[in-house]
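Engineer: Just a sequence and a predicted model for now, questions to come.
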Amino acid sequence: MSSDLVDMVSLTFHALGSDKSAFWVIFAGALAVVFVVSRFRSNKKFPPGPIAWPIIGCLPSVGFQYRHKTFFNLSKKYGPIMYIQLGGADMILIHSPELAVEALKIQDAQFCSRPLTTPGKYIAFDYSDIDFSPYNANWRLVRKVFNTELMSTSRLNMQAKMRKEEVMGMAARVLDYTTKGQLVKLKKVADDVVLNILLQMLFGKRYENSESNVAKELKNFEPYVREAVILVGELNIGDLIPFLARFDLQGFEARYKKLMDKVGRLFQIIIDEHKKTLEQIGEMMSEESKDVLDVLLFQKGENKLTTNQIMGVMTDMLLGGLDTTARAIEWAMAELIASPHTLRKAQQEIDNVVGTERLMEESDIDKLPYLQAVVKETLRLHPPVPITNPHLNEAPATLAGYNLPANCMVFVNIWGLGRDPSMWKNPSEFDPDRFIGTELNVHGNHYQFLPFSSGRRKCPAYHMATLKVQYALGMLLQCFNWAPPAGISGKDMDLSEGVGIVCGKKDPLFATATPRVDSCLYI
C-alpha cells in the first residue's frame, strides 16, 4: 500500500473518532458514486491542485489542523489559485492580492453567497444571521439593520462612555494582580474586557451581581464560545459528503444541537426580559439608553426582524466577536512583550501624546499612529480568522481564466497574504514600523492586507473590533510595564498558534506587570 493511501486511510479513521466501523459505511457508499463523480469532474477545467483520492479527496495533503499554513505551502507548488477537492466539495484557494481583487471586488456579486452548512443551520439559527446566511433577502435585511442601526458612528459614539468604564475596569483588574504579586493572566484579562463590553452593548448590563437565570447561564458562556470555535473549525464529513450527513458519523451535529439549545434558551430569556421592559417604558426610552437588543426589537415595518434573525445577530456579536477580538489583544501583548524595544516605543508615543497625568481616552487613538501600527502588524501576523469563510458562486462563473461550475467554495487565505515574502519584507518578523507612512488600513481596500476580508462579506463590525483592541492595548501599555515571567526572556517566549477557526496562542499568555504611571493607581 502506498504511503499516500496509508495516509488516506489513517486520516479517515482519525476523522471518525472511536467508531472505526463507520469507515466502511463511508467507503461502501462513496465507492458507489466515486466513478460518476470523477467522470463529471474530469470534464471540468479546475485550477491545479494536489491529488484527489476517492472518498476524501485532497485530505491527505490538507490534514485537519493549521490548514491555512498547509494551503499557503501548497500554493508555492500549485500557484496563487488552487483547486482542493474534499469529499463532494469543490474548493478554490486564493493566495494573491490580484486574485483577491477579482473574487472579492470585481466579481463580488458572483462570489458573495454562502454554502448551506451545519454551522449555518445551528449557530446562525437556520441561516438567519449575517455571517452564515446565503446572499438573499434575509442577509440584505439583517446587514442593513446591522450597519445603519448598530454599527453607525452615532451609535458607537453613544457607547464610548461604557467602553471607557470597561477598559478602566480591565486596568483595575491588572492592578489587582500586581498588588498581590501574581502573574497577570492576559488571556483572561482580554476575555473579560471584551465580553463585558459586548454584554453592555447587547443587553445594557453584565448580570454579574444577579442571581437570575441569565447570570447563571452567562457564567458558562465562555465555554460555549470555546465549543463554537472548535466546532466551526472542524472538517465535518456531513458537509463534505452530503448523503452521509444524516448519520452524524463524527457526532458534530449532536454537539451543535446541545450547544445551541443552551445558547438559544439563554437568548430567549434575555429577549423576553427586554420585551417586557419595552412594553412598560419603550416609547420613553432615549436613543442613548437603548442597547443593541432594544434597537433590534424596536425595528418596524420592512425592517422588522424575526426572533431567529435577532438571535443570529446576537450570535454573530457574542460567539463571533468575543474570541476574535480577545485573541487580537492577547497576540499584541505577546508580540510586544517578546520585543521590549517595540513595547517601549509604543509606550513612549503614548507618553508624548497623552502624558502621565491622565489616562488615555478613545479620542487619543487618532493621534497615536504607532499604536495603530502595532495593531495592524498584529492583525497581519495573526488575523482573527486566517482564512475567509467560504464564498459561493450560485451560478457558473469564471475566475482567473478558469470556468467554474456552480457551487464552488472560494476561500482567500488571509494569513497567507500577510506572510507572503513577495509582498512583505521579513514577513515572519513583528515590525510595526512597516505600516508607518503607508496608507494600508483594515478597511478591506488593500488586498495584500485583509484581516477582516473585503467586499459584501467582510466583517461588518471591523471598526468596532479595531477600536476595542486599540483602546484596551493602549491602556495596558500606558498603565503598566510588562515582562515575561521570571526566568524567560522575550526571545524565548512561545508564540506558537493553537488550533480552531480562530487561531489564538497555543498556550495562554502570562506576564509580569508593574505600574508605570501614578494615575493608574487611582482607577
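Structural biologist: Right, received. Where do you want to start? Worth saying up front: this structure is predicted, and the values here are computed from it rather than measured.

Engineer: can you give me the strands in the protein?
Structural biologist: 81-86, 89-94, 184-185, 391-392, 397-399, 402-404, 409-412, 480-483, 510-515 (DSSP state E).

Engineer: can you put those in a markdown table and add mean pLDDT and mean neighbour count?
Structural biologist: Every C-beta, even on glycine, is put in place using the N, C-alpha and C of the backbone. Formatted as a markdown table, the strands of the chain follow (pLDDT from 0 to 100; neighbours: other Cβ atoms under 10 Å):
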| stretch | mean pLDDT | mean neighbour count |
| --- | --- | --- |
| strand 81-86 | 96 | 23 |
| strand 89-94 | 97 | 24 |
| strand 184-185 | 97 | 20 |
| strand 391-392 | 98 | 23 |
| strand 397-399 | 97 | 17 |
| strand 402-404 | 96 | 17 |
| strand 409-412 | 98 | 23 |
| strand 480-483 | 97 | 18 |
| strand 510-515 | 96 | 18 |
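
Engineer: wait, which of these is closest to residue 464?
Structural biologist: The closest of these to residue 464 is strand 409-412. By Cβ to Cβ, the value is 22.3 Å.

Engineer: Strand partners (parallel or antiparallel) of the closest one?
Structural biologist: Strand 409-412 sits in its sheet next to strand 89-94 (parallel), strand 391-392 (antiparallel), going by DSSP bridges.

Engineer: Output those in a markdown table, with distance to residue 123 appended to each entry.
Structural biologist: A markdown table is the format used below for these (distance: least, Cβ to Cβ, whole Å):
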| stretch | distance to residue 123 |
| --- | --- |
| strand 89-94 | 19 |
| strand 391-392 | 17 |
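
Engineer: The ones you listed: which one's closest to residue 108?
Structural biologist: strand 391-392 (8.7 Å).

Engineer: Serialize the strands of the chain to a markdown table and add fields for distance to residue 428.
Structural biologist: A markdown table is the format used below for the strands of the chain (distance: least, Cβ to Cβ, whole Å):
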| stretch | distance to residue 428 |
| --- | --- |
| strand 81-86 | 22 |
| strand 89-94 | 21 |
| strand 184-185 | 27 |
| strand 391-392 | 28 |
| strand 397-399 | 29 |
| strand 402-404 | 31 |
| strand 409-412 | 20 |
| strand 480-483 | 22 |
| strand 510-515 | 22 |
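
Engineer: coming back round to it: so for residue 508, which of the strands paired with strand 409-412 sits nearest?
Structural biologist: strand 89-94 (30.8 Å).

Engineer: Next up, the contacts around the spatially closest residue to residue 177 that is not a sequence neighbour.
Structural biologist: In space, and not counting its chain neighbours, residue 177 is closest to residue 184: 4.6 Å by Cβ to Cβ, 6 or more residues apart in numbering. By Cβ atoms under 8 Å, 6 or more residues apart in numbering, residue 184 lies in contact with 174, 177-178, 510-513.

Engineer: Compare the strands of the chain and give me the one nearest residue 114.
Structural biologist: Taking Cβ to Cβ, strand 391-392 is the member of the strands of the chain nearest to residue 114, at 5.6 Å.

Engineer: between the strands of the chain, which one is nearest to residue 424?
Structural biologist: Here strand 409-412 is closest among these (Cβ to Cβ), at 16.3 Å.

Engineer: quick one: residue 132 and residue 120 touch, right?
Structural biologist: Yes: counting by Cβ atoms under 8 Å, residue 120 is a contact partner of residue 132 at 3.4 Å.

Engineer: Find the residues that touch each one of the two.
Structural biologist: With Cβ under 8 Å, 6+ apart, residue 132 and residue 120 have common neighbours residue 114.

Engineer: The two: which has the busier surroundings?
Structural biologist: The neighbour comparison of residue 132 against residue 120 (other Cβ atoms under 10 Å) goes to residue 132, with 28 against 23.

Engineer: residues touching that one, list them.
Structural biologist: Neighbours of residue 132 in contact, by Cβ under 8 Å, 6+ apart: 114, 117, 119-120, 123-124, 389.

Engineer: ok, it to residue 322 distance?
Structural biologist: From residue 132 across to residue 322, the span is 17 Å (Cβ to Cβ, to the nearest Å).

Engineer: repeat for residue 403
Structural biologist: 41 Å.

Engineer: Repeat that for residue 70.
Structural biologist: To residue 322, residue 70 is 27 Å away according to Cβ to Cβ.

Engineer: higher neighbour count, those two?
Structural biologist: residue 322 (25 against 17).

Engineer: Tell me how far the more buried one lies from residue 48.
Structural biologist: In terms of Cβ to Cβ, residue 322 sits 39 Å off from residue 48.

Engineer: my guess is residue 274 meets residue 292, correct?
Structural biologist: No: look at residue 274 against residue 292 with Cβ under 8 Å: they stay out of range, at 10.1 Å.

Engineer: So what's the residue count around the nearest residue to residue 285 once chain neighbours are set aside?
Structural biologist: Using Cβ to Cβ, 6+ apart and skipping residues adjacent in sequence, the residue nearest residue 285 is residue 294, 6.7 Å away. Residue 294 has 19 neighbours, counted by other Cβ under 10 Å.

Engineer: I'd assumed residue 278 was in contact with residue 294.
Structural biologist: Yes: taking contacts as Cβ under 8 Å, residue 294 lies within contact range of residue 278: 6.7 Å.
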